[in-house]
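# Please find the sequence and the predicted model below.
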Amino acid sequence: MIIILKPGANKAQVGEISQWIEEHANVSVNPIYGSMTTILGLVGDTSSVDMGLIQSNELVEAVKRVSEPYKKANRKFHPDDTVLQIGDLKLGGNHFQIIAGPCSVESEEQILEVARNVHNSGAKMLRGGAFKPRTSPYSFQGMRAEGLELLLKAKKETGMPIVSELMSLAHLDLFEDVDVIQIGARNMQNFELLKELGRCNKTILLKRGLANTIEELLMSAEYIMSGGNENIVLCERGIRTYETYTRNTLDLSAIPLIKKYSHLPVVVDPSHATGQAWMVPTMAKAAIAAGADGLLIEVHNNPCQAKCDGAQSLDCKEFDDLMTDLKKRLAFEGKVL
């Protein structure tokens, strides 16, 4: 349920009516201060809330029930786009970020070379996997804690915030200096992990599961937000369909759909979606046209020798050429890179 207050309500009045509602309705009230109005989001069992009683308050413009199961992630609770602060960078609204780097950290030489190149090309955030979820137990599983240390070296040299995937609660302490914790597709519905992330003060990049609906993605975000952490970026990385020519099927329709129903920023991973490097530039440009707030692009200094996902990785020259094109398109769309 949401309560729309009349224009002009000050914070003291918002506090008074919030306390009054909590005392009478046994729900928690979350005020959202928008650019034009203030909305009170009621979280809990609202079935017995007396809408008429609340509507009678002189500060109340309207009272509406929310049919969607997600509340904090719902645009009805938060009409304005969320803009996240990640270090000195912003993501969301008209602030666009390109997160580039290798699928996995393989050596100090590799991650530093890639970091320098993508930074010089204009990317402002660095991605790199230290813990790798692989289909085969015999495949390269990542450098683990050492990989995170190498990412931090790259961050120190370039100044770029780093993004890396967390697979287990047992590793959470190792991510203390990681700027953005990525939750991969396979862990999108690892609810115990999501609840713990709700208690940490980190930006979470939440990837859509291999065959999950948009509502399920938003409900996973709700798990994190219900714990108090509202710093979430949603990621469309392709879903599994009958098509076999591509690794996954990139669901570009997810971008406007999510933006209609949620205020959270949305980024797109065209590398994992297609599985083929030659398709990445086209789908990256399509994602911008569809309204994405950012891109995750895999870049390797020698894709043919990559230990993980070399086929979908751009080399540094290809990424530099793509960035030249993307900068023009982002300027046309009114996005700040």
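Nice, I can see it. Numbering: from 1, shown residues only.

# Please enumerate the strands of the stretch 151-300 of the chain.
Using DSSP state E, counting those that start in this stretch, the strands of the stretch 151-300 of the chain run over 162-165, 180-183, 203-207, 232-236, 266-268, 294-298.

# Quick one: those strands as a markdown table, columns for mean neighbour count, distance to residue 245 and mean pLDDT too.
Bear in mind the C-beta positions are built from the backbone N, C-alpha and C, glycine included. What follows is the strands of the stretch 151-300 of the chain, written out as a markdown table (neighbours: other CB atoms under 10 Å; distance: least, CB to CB, whole Å; pLDDT from 0 to 100):
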| stretch | mean neighbour count | distance to residue 245 | mean pLDDT |
| --- | --- | --- | --- |
| strand 162-165 | 25 | 26 | 98 |
| strand 180-183 | 23 | 27 | 98 |
| strand 203-207 | 25 | 22 | 98 |
| strand 232-236 | 26 | 19 | 98 |
| strand 266-268 | 26 | 19 | 98 |
| strand 294-298 | 27 | 19 | 98 |
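
# could you dump those strands to JSON lines with distance to residue 30?
JSON lines is the format used below for those (distance: least, CB to CB, whole Å):
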{"stretch": "strand 162-165", "distance to residue 30": "28"}
{"stretch": "strand 180-183", "distance to residue 30": "23"}
{"stretch": "strand 203-207", "distance to residue 30": "19"}
{"stretch": "strand 232-236", "distance to residue 30": "15"}
{"stretch": "strand 266-268", "distance to residue 30": "22"}
{"stretch": "strand 294-298", "distance to residue 30": "26"}
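
# closest to residue 56 out of the ones you listed?
Of all the strands of the stretch 151-300 of the chain, strand 232-236 sits nearest to residue 56, with 35.8 Å by CB to CB.

# you'd agree residue 100 is in a strand?
Yes. Counting by DSSP: H, G, I helix; E, B strand; the rest coil, residue 100 falls inside a strand.

# Show me the beta-bridge partners of it.
residue 126, residue 297 (DSSP bridges).

# how many neighbours does it have?
31 (other CB atoms under 10 Å).

# contacting residues around it?
By CB atoms under 8 Å, 6 or more residues apart in numbering, the contact set of residue 100 is 118, 121, 123, 125-127, 296-299, 319.

# ok, now residue 218?
68, 70, 73-74, 234, 258, 261-262.

# hmm, try it at 6 Å
Counting by CB atoms under 6 Å, 6 or more residues apart in numbering, residue 218 touches 70, 73, 262.

# hang on, the earlier thing: could I get the contacts of residue 100 as a markdown table with distance to residue 39?
Shown next, in a markdown table, are the contacts of residue 100 (distance: CB to CB, whole Å):
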| residue | distance to residue 39 |
| --- | --- |
| 118 | 39 |
| 121 | 41 |
| 123 | 36 |
| 125 | 31 |
| 126 | 36 |
| 127 | 35 |
| 296 | 32 |
| 297 | 36 |
| 298 | 39 |
| 299 | 41 |
| 319 | 41 |
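
# Pick the one among the residues you listed closest to residue 208.
For those, the nearest to residue 208 is residue 296 (12.3 Å; CB to CB).

# these two touch, right, the closest one and residue 97?
No. Applying CB atoms under 6 Å as the test, residue 296 and residue 97 come out as separate, 9.5 Å apart.

# now the helices: where do they sit in this protein?
For the chain, applying DSSP state H gives helices covering 11-25, 51-55, 108-121, 145-158, 191-197, 214-226, 254-261, 270-274, 280-290, 316-333.

# Tell me which of the ones you listed is the most buried.
Highest mean neighbour count of these: helix 270-274, a mean of 26 (counted as mean count of other CB atoms under 10 Å).
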